[in-house]
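A.B. asks: Need coordinates for the following:
(3 chains)
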Amino acid sequence: MAVLPSSSSSLELTISVPGFASSPTLLPSSSVKELDINQVPLEEDWMASNMEDEEESSNGEPPRKKLRLTKEQSRLLEESFRQNHTLNPKQKESLAMQLKLRPRQVEVWFQNRRARSKLKQTEMECEYLKRWFGSLTEQNRRLQREVEELRAIKVGPPTVISPHSCEPLPASTLSMCPRCERVTSTADKPPSAAATLSAKVPPTQSRQPSAAC
DNA sequence: AGTGTCAATGAGCCAC
DNA sequence: GTGGCTCATTGACACT
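C.D. replies: From the prediction side, this is the model:
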């Protein structure tokens, strides 16, 4: 599932460089100054500053900088992310050129973007499972109630409607006519030698009217 | 000051 | 060995 990017259009590329100030949007009190990359299009300068960084990083205490991608850069990255969640080296290179970023930065952005995407997906799945759990709980409650009701009905002695008197009769008074094999009630008639039915006969079955015998 | 966001880093795994 | 990935974590910065 693709996560829709937040769209924006303005272009403002800033990079935090300790000791360097150029952005008017930043508070003057900020200790870390901003370098507007849009105004530094020279490849050598950019490369040179990168080389400086690498040199510095190998020599002990590198002041870690925070790059903030511009909206336009983010937009382009999101666009290419929508097309492909991974980049081959050539795509990475050309995208980096286009965005005036290092290929490594593009790569990192895609890695982080995939991570964010996955996190969002997981969160959505979590939400979905929560809702599902809720509905299952509700369904379970309903079924439990139903079971309780059915149990309550079953507790009383099973009764049947007499085919003759149309009155409810205990099912234990039912018997089966040996000749026609129809259910009759001993309560309606005097007891006979016919085999008596046990109360196990389901009431629904014994409610069938028997006109014979 | 506390917190959230996100670029960046490093470790570990895997395929070639 | 190299390169690419995921994952956990760090640290800079913005925002409240």
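
A.B. asks: by contact count, what packs against the helix or strand harbouring A:R145?
C.D. replies: Element membership for A:R145, per DSSP states H and E: helix A:103-155. Contacts defined by 3 or more CB pairs under 8 Å, 6 or more residues apart in numbering; DSSP states H and E place helix A:103-155 against helix A:71-83, helix A:89-99. C-betas here are computed from N, CA, C, even on glycine.

A.B. asks: redo that, cut-off 6 Å
C.D. replies: Applying 3 or more CB pairs under 6 Å, 6 or more residues apart in numbering; DSSP states H and E, we find helix A:103-155 packed against helix A:89-99.

A.B. asks: how about the helix it packs on: buried residues?
C.D. replies: For helix A:89-99, the neighbour count (16 or more other CB atoms under 10 Å) marks A:Q91, A:K92, A:L95, A:A96, A:L99 as buried.

A.B. asks: before we move on, what about stretch A:110-123?
C.D. replies: Buried residues in stretch A:110-123, counted by 16+ other CB under 10 Å: A:F110, A:R113.

A.B. asks: How about the secondary structure of A:L87?
C.D. replies: coil (DSSP: H, G, I helix; E, B strand; the rest coil).

A.B. asks: Quick check: phi and psi on it?
C.D. replies: phi -120, psi 140 (degrees, to the nearest 10).

A.B. asks: For it, which residues are in contact?
C.D. replies: A:F110 (CB atoms under 6 Å, 6 or more residues apart in numbering).

A.B. asks: Quick check: it vs A:K130, distance?
C.D. replies: 35 Å (CB to CB, to the nearest Å).

A.B. asks: again with A:F81
C.D. replies: 28 Å.

A.B. asks: Looking at these two, which is more packed in?
C.D. replies: A:F81 (20 against 9; other CB atoms under 10 Å).

A.B. asks: so what's the more buried one closest to, chain neighbours aside?
C.D. replies: Computed as CB to CB, 6 or more residues apart in numbering, the closest residue to A:F81 that is not its neighbour in sequence is A:R113, at 5.4 Å.

A.B. asks: low-confidence ranges in chain A?
C.D. replies: A:1-65, A:156-160, A:162-213 (pLDDT under 70).

A.B. asks: DNA strand B contacts on that one?
C.D. replies: Chain A has residues A:57, A:64-69, A:74, A:104-105, A:108-109, A:111-113, A:116 near DNA strand B, with proximity defined as CB under 7 Å from any atom of the strand.

A.B. asks: Swap in 6 Å and give it another go.
C.D. replies: A:L67, A:L69, A:Q105, A:V108, A:W109, A:N112 (CB under 6 Å from any atom of the strand).
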